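**Student:** from the sequence below, what's the structure:
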Amino acid sequence: MARDRKYAVVREYTIVIEKQEDARGYSVRVPALPGCFSTGDTVAHAARNAKDAIETYIEGLQEQGERIPREQRPNAYIGKVKIAV
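**Tutor:** Numbering: from 1, shown residues only. Okay, the predicted model is just below:
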């Protein structure tokens, strides 16, 4: 981002990483930022790309004078539970 980071506010955003159906990588989306998504060959790569996507998304909002959405559930946990059926 081109902004002066000396006065930047740090925000955390939940990212959701899913294996792509073609099994050739991972897709990642940011629920709090509609339309903000990316991909990666590995989970780590997808997470790094998500950070870049979030920064680009927020920079675009700032350039347009839009407000930056906050995380809707900052204390939420997204995980999996296995059950026998």
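**Student:** would you map the helices across this structure?
**Tutor:** In the chain, the helices defined using DSSP state H lie at 43-63.
**Student:** show me the shaky parts of it.
**Tutor:** Low-confidence regions of the chain, defined by pLDDT under 70, span residues 1-7, 73-79.
**Student:** can you pull up the most central residue in it?
**Tutor:** Val30 (3.7 Å; CA atoms, centre = their mean).
**Student:** what sits against that residue?
**Tutor:** 13-16, 36-37, 50, 53-54, 57 (CB atoms under 8 Å, 6 or more residues apart in numbering). In short, each C-beta sits where N, CA and C put it, glycine included.
**Student:** likewise Asp41?
**Tutor:** Contacts for Asp41 (CB under 8 Å, 6+ apart) come out as 24-26.
**Student:** list the ones among these that fall in strands.
**Tutor:** Of the positions in the contacts of Asp41, Tyr26 sit in strands, assigned by DSSP state E.
**Student:** got a winner among the contacts of Asp41 for most neighbours?
**Tutor:** Counting neighbours by other CB atoms under 10 Å, Tyr26 leads the contacts of Asp41 with 21 neighbours.
**Student:** gap between it and Val43?
**Tutor:** Separation of Tyr26 from Val43 (CB to CB, to the nearest Å): 6 Å.
**Student:** got any residues that touch both of those two?
**Tutor:** Listed as contacting both Tyr26 and Val43 by CB under 8 Å, 6+ apart are Ile17.
**Student:** the nearest residue to Gly35 once chain neighbours are set aside: neighbouring residues, count only.
**Tutor:** Closest residue to Gly35 apart from its sequence neighbours, by CB to CB, 6 or more residues apart in numbering: Tyr57 at 7.6 Å. Using other CB under 10 Å, Tyr57 has 20 other residues around it.
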